[in-house]
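J.: predicted model and sequence below, questions to follow.
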Number of protein chains: 2
Amino acid sequence: MKVVLIGSGNVATHLGTALYKSGHTILQVYSPTTLHAKRLAKSLKAEFTTEPSGLHPKADLYLIALRDEAIGEILPFIPDKTALIAHTSGSVPLSIFPKLFTNCGVIYPLQTFSRDRKINIRSVPFCLESRNSSVNNRLAKFVSTLSDNIHWINSTERRSLHLAAVFANNFSNHMFVIAEEILRKSKLDFDLLRPLIAETAKKVQKHSPGEMQTGPARRGDSETIEKHLKELAKNPDYAKIYKLISQSIEDHNGPLL
Amino acid sequence: MKVVLIGSGNVATHLGTALYKSGHTILQVYSPTTLHAKRLAKSLKAEFTTEPSGLHPKADLYLIALRDEAIGEILPFIPDKTALIAHTSGSVPLSIFPKLFTNCGVIYPLQTFSRDRKINIRSVPFCLESRNSSVNNRLAKFVSTLSDNIHWINSTERRSLHLAAVFANNFSNHMFVIAEEILRKSKLDFDLLRPLIAETAKKVQKHSPGEMQTGPARRGDSETIEKHLKELAKNPDYAKIYKLISQSIEDHNGPLL
């Protein structure tokens, strides 16, 4: 397909690269920042534009990977309202597209994309949505060139999914950040925790995380919890997080078997 | 070595099994619960006792893998106070051993052990401590039969390490639990999040978690944060956790590059 890629952030970069490698043609990259537009366009052998009014008029697909707030703003500038068009956001509903976009949809890749991290795109779950079966077919055919993991998820479901992903990814990563900071204060190496983190994630690949919970809060070990809170006395923000999550673990889990 | 294994929980089971497989002899398993003592002893071809007074008098090592509160209680019953003895707890200091235990130490495996999960014990970091170099040598020689990943960590450092491990493992796992619950309410499958969780843990194997943070709080995307809080309105406990961690991410991370 001939694709106009709208955006130059992590999602645009990873999707654009995967599309290019799968044999699609990236006609053009749009980004308001010249440097970003130029850089990504170059790596995808594409043209670039920094002006919404400069968007290429003849694409098979306009793929919008912008910040949520920017999606609605770019729509008036799409030159062909009847072309296939999709955004990639977890939290923006399909209804962002006015009715005149007759072939609109959502292609939400449920993964965390960072610069300099290669992702096996074929195993990334892609959550698709559109307004009719003809667009569904076109989206599915297109996405199947990237991934074997396609799901039909409506806007309400996608919103929940995105919220769940924030807990599963951003918030768990922040737990690693706090752990790293605690270690740094004791001049201990984060390497010590890496096998533990790897195993924590591996465990829930086959099991339900509720069944895998361990630790002082799970055991109701109030003595250790008190020790930890004392340890965190100089950092009231982390102490607050410790208390709240420990309480939630205790509330959530039933009695120990 | 001829080992008396004191305890029958997850740590005792995993360590006992690893020791047995490495050619050590488990003389005896102690647990106050007959069923547990019997079961673990059987799988390790060992005797068992449910009475502290029944502990085998002639061991090369007494290895205590009990709940923290129970460690101090078993010490008076150790028949040979001069034998090598170690506990495996992250949060109990070496000073739990009275001075008459002349060959005492700590062997703290920094990993999460669950029943029915096999662990590659050779890559588990073992944190060791003792009161003198002769015991250090004996502990290191013993543990090197299990793991290639040995660290010298004193009681104060170990307490920080254990606290950090609670964040990195128990608390991140609870984020997965909350994510799973959010999905369940929308009748969505937890499988959707599994690749994301795997990648979140992989990312921090080579990078610092602070550099890997993404998501609405990292971007300062208050619109999405508001949407999510609205979504969590029926669950004020989770909304509170969402707010607190988002705030902590914003406080922690500098401006976006």
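T.: Yep, that arrived.

J.: and stretch A:19-35, end to end?
T.: Distance across stretch A:19-35, first residue to last, is 21 Å (CA to CA, to the nearest Å).

J.: can you list the buried residues in that stretch?
T.: A:19, A:20, A:24, A:26, A:27, A:28, A:29, A:30, A:31 (16 or more other CB atoms under 10 Å in any protein chain shown). In this view, the C-beta of every residue, glycine as well, is placed from N, C-alpha and C.

J.: in the residues you listed, find the pair that's most separated.
T.: For those, the maximum inter-member distance is 18.7 Å, found between A:24 and A:31 (CB to CB).

J.: all helices of the stretch 51-200 of chain A, in order?
T.: A:68-74, A:133-143, A:155-165, A:172-185, A:194-206 (DSSP state H, counting those that start in this stretch).

J.: give the contact list for the residue nearest to residue A:142 when sequence neighbours are not counted.
T.: Using CB to CB, 6 or more residues apart in numbering or on different chains and skipping the chain neighbours, the partner closest in space to residue A:142 is residue A:1 (6.1 Å). Contacts here follow CB atoms under 8 Å, 6 or more residues apart in numbering or on different chains; on that basis residue A:1 touches A:24, A:25, A:60, A:61, A:142.

J.: do residue A:146 as well
T.: So residue A:146 contacts A:15, A:18, A:19, A:22, A:121, A:122, A:124, A:126 (CB under 8 Å, 6+ apart).

J.: wait, what's in contact with the fourth one?
T.: Contact partners of residue A:22, counting by CB under 8 Å, 6+ apart, are A:145, A:146.

J.: look up how far residue A:139 lies from it.
T.: 15 Å (CB to CB, to the nearest Å).

J.: tally of neighbours for the nearest residue to residue A:111 once chain neighbours are set aside?
T.: Excluding its sequence neighbours, the residue lying closest to residue A:111 (CB to CB, 6+ apart) is residue A:124, at 4.5 Å. With neighbours defined by other CB atoms under 10 Å in any protein chain shown, the count for residue A:124 comes to 22.

J.: now the phi/psi pair for residue A:124, please.
T.: phi -70, psi 130 (degrees, to the nearest 10).

J.: for residue A:240, see how far away the residue nearest to residue A:115 when sequence neighbours are not counted is.
T.: Setting aside the residues directly before and after it, residue A:115 is nearest to residue A:10 in space (CB to CB, 6+ apart), at 6.1 Å. Applying CB to CB, one obtains 31 Å for the distance of residue A:10 from residue A:240.

J.: okay, residue A:119: pLDDT?
T.: Per-residue pLDDT puts residue A:119 at 88.

J.: pretty sure it contacts residue A:13?
T.: No: under the criterion of CB atoms under 8 Å, residue A:119 is not in contact with residue A:13, lying 10.7 Å apart.

J.: got the buried residues for stretch A:66-80?
T.: By 16+ other CB under 10 Å, the buried positions in stretch A:66-80 come out as A:66, A:68, A:71, A:74, A:75, A:78, A:80.

J.: quick check: residue A:190 vs chain B, distance?
T.: 7 Å (CB to the nearest CB, to the nearest Å).

J.: ok, that residue - contacts?
T.: A:179, A:180, A:183, A:184, B:208.

J.: contacting residues for the nearest residue in space to the third one that is not next to it in sequence?
T.: Counting by CB to CB, 6+ apart, the nearest residue to residue A:183 once its immediate chain neighbours are dropped is residue B:164, at 5.1 Å. The neighbours of residue B:164, taking CB under 8 Å, 6+ apart as the test, are A:178, A:179, A:180, A:182, A:183, A:188, A:193.

J.: before we move on, what about residue A:94?
T.: Residue A:94 is in contact with A:104, A:105, A:106, A:129, A:130, A:131, A:154, A:155, counting by CB under 8 Å, 6+ apart.

J.: can you give me how far stretch A:10-25 is from the chain middle?
T.: Computed by CA atoms, centre = their mean, to the nearest Å, the chain-centroid distance of stretch A:10-25 equals 16 Å.
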